[in-house]
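K.L.:
Here's my sequence, what's the structure:
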Amino acid sequence: MNTQIIHVWCSMYLEFRHLRSIRAIHDQGGLARAAEVLNVTQSALSHQIKALEEQVGMQLFLRRSKPLKLSKAGHKLLQLAEKVLPQIDELEDDFTNLIAGKAGRMHIAIECHACFEWLFPVLEDFRQIWPNVDVDIRPGLAFDALPALQREELDLVISADPEELDGVEFIPLLDYEPTFVCARNHLLADKPYVDAIDFRDQTLITYPVHKTRLDVFSELLMPARVEPKSLRQVELTAVIMLLVASGRGVSVLPDWVIAEEKYGHDFVAKPLTEKGLTRRLYAAIRTTEVDNEYMRDFVMITRDRQTDD
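P.N.:
Numbers count the residues shown, from 1 in each chain. Okay, the predicted model is just below:
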């Protein structure tokens, strides 16, 4: 650390090296061994202690004792050293890791409700490689995530809607297909694909977000100027799948959700439109952070997992 001075009382200055010297002499039992540990000469260490004792106005060691023992004043400084030095050492390690790119912060916002399905396994893999990176997740659905990214309140935003923003790059993560799902005995279950017009008589079950953030509306229904008969919003994917399988409505979900075995097979999946729809998810990252090694690894792990699946 560059600034290694602690101001004590009104006329005494302690440097971190003083505290390290006190601790080393106590641990080693004498000046000679402590000097070796501190990588200084015994003479320099002796002069340092004498100068410190002159500031304190008291002896810090009982000179006649072997091994060398601390006085009451010395014990006070040792207590301070044992409290302060571990924090300083930890801080220096943190700075070293930050400089080396081995530590940092990755606070993520998600503009995609169903993304939790694949994000958690990705972060499990990521944490194995980058244990010193501070990872946090914010849903990103109740606030403007991209402006927060620009303000450095966030470090990465997962979004399907890239924009032209100063200082932000959108890195492709994965492609997916918004897919129609209904119960096996539903009237639309036998159709080879589903069009916008088919939703007019349906209860559409969605996540509780604005229509413009739902693929079924932004990519299909709104361009066709079609509204479903009714809309039901549900927080959890598992509940959506349960309601669909029970015939309470239909839904449109990313294909990675439908591929999950845990949701069973009590439903039918169909493409949207004859050609199908394909969407792309991006990682929005500040331009200054794009080449950060752990950011690159997050993108790579995400892509690799989707390829494996």
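K.L.:
Flag every buried residue along the helix or strand hosting residue 51.
P.N.:
Using DSSP states H and E, residue 51 falls within helix 42-56. With burial defined by 16 or more other Cβ atoms under 10 Å, the residues of helix 42-56 counted as buried are 45, 48, 49, 52, 53, 56. All C-beta spots, glycine's among them, are computed from the backbone N, C-alpha and C.
K.L.:
Partner strands of the helix or strand that comes right after it and their direction?
P.N.:
Remark: after helix 42-56, the chain's next helix or strand is strand 61-62, criterion DSSP H and E. Applying DSSP bridges to the sheet, strand 61-62 is found paired with strand 69-70 (antiparallel).
K.L.:
what stretches of the protein score poorly on pLDDT?
P.N.:
1-12, 91-103, 139-143, 261-264, 307-309 (pLDDT under 70).
K.L.:
Now do the helices in it.
P.N.:
16-28, 31-38, 42-56, 72-100, 116-129, 145-150, 215, 222-224, 237-245, 255-258, 293-308 (DSSP state H).
K.L.:
export those to CSV and tack on distance to residue 269?
P.N.:
Formatted as CSV, the helices of the chain follow (distance: least, Cβ to Cβ, whole Å):
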stretch, distance to residue 269
helix 16-28, 64
helix 31-38, 68
helix 42-56, 75
helix 72-100, 46
helix 116-129, 15
helix 145-150, 30
helix 215, 15
helix 222-224, 21
helix 237-245, 10
helix 255-258, 5
helix 293-308, 18
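K.L.:
Compare those helices and give me the one nearest residue 272.
P.N.:
Taking Cβ to Cβ, helix 215 is the member of those nearest to residue 272, at 8.3 Å.
K.L.:
Report the distance from that closest one to the chain centre.
P.N.:
Taking Cα atoms, centre = their mean, to the nearest Å, one finds the center of helix 215 at 26 Å from the center of the full chain.
K.L.:
oh, and call the first residue 40 from now on, that's how I've got it
P.N.:
Sure, I'll start numbering at 40, so the last one becomes helix 254.
K.L.:
which residues does the residue nearest to the spatial centre of the chain contact?
P.N.:
Most central in the chain under Cα atoms, centre = their mean is residue 174, positioned 2.1 Å from the mean C-alpha point. Neighbouring residues of residue 174 by Cβ atoms under 8 Å, 6 or more residues apart in numbering: 145, 146, 147, 162, 165, 166.
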